[in-house]
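I'll drop the sequence and a predicted model, then ask my questions.
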Amino acid sequence: MIILLLGDHFANLAALFTVRVQRRRRRIEVDGSVIELAIDRGEVLAGERCERFHEVELELVSGQRGALFDLARQF
């Protein structure tokens, strides 16, 4: 799809940075609700530069939103 949109300009594209990520996932049950906890550790590489990052993500898989917010408040 992107190739069709860019046409002849596609050949001019070049990567400016690379992102490497390791993700760990766990499903947690809270008061009958299921929440997925994802922990990302990664780095963004651009030429000689490297920036590391960490991210925590909570996603309500099923159940009540309140359980998600209760778990988030613990962090």
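Nice, thanks for sending it over.

Going by C-alpha atoms from here, please, whenever you check contacts or count neighbours.
Will do.

what's the burial count for Ile39?
Neighbourhood size, Ile39 [other Cα atoms under 10 Å]: 16.

What values do phi and psi take at Leu16?
Backbone geometry at Leu16, expressed as degrees, to the nearest 10, gives phi -100, psi -20.

Please look at it and Arg49 and confirm they touch.
No - if you go by Cα atoms under 8 Å, Leu16 and Arg49 don't touch, sitting 11.2 Å apart.

Tell me where this protein has strands.
For the chain, the strands defined by DSSP state E occupy 18-30, 33-46, 49-62.

Please identify the most buried of the ones you listed.
With neighbours taken as mean count of other Cα atoms under 10 Å, the strands of the chain reach their highest mean count in strand 33-46, at a mean of 16.

quick one: it to chain centroid distance?
In terms of Cα atoms, centre = their mean, to the nearest Å, the centre of strand 33-46 is set 5 Å apart from its chain centre.

Report all helices and strands that that strand contacts.
On a contact count with 3 or more Cα pairs under 8 Å, 6 or more residues apart in numbering; DSSP states H and E, strand 33-46 meets strand 18-30, strand 49-62.

is it possible to export the ones you listed to a markdown table including mean pLDDT and distance to Glu43?
Converted to a markdown table, the helices and strands packed on strand 33-46 look like this (pLDDT from 0 to 100; distance: least, Cα to Cα, whole Å):
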| stretch | mean pLDDT | distance to Glu43 |
| --- | --- | --- |
| strand 18-30 | 96 | 5 |
| strand 49-62 | 96 | 4 |
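
Out of these, flag the one nearest Asp70.
With Cα to Cα, the closest approach to Asp70 among those belongs to strand 18-30: 8.8 Å.

OK, contacts around the residue in the chain sticking out farthest from the centre?
Each residue of the chain has a distance to the centre, and by Cα atoms, centre = their mean the biggest one is for Asp8: 31.9 Å. Residues in contact with Asp8 (Cα atoms under 8 Å, 6 or more residues apart in numbering): none are found.

Find me the pLDDT at it, would you?
At Asp8, the model reports a pLDDT of 81.
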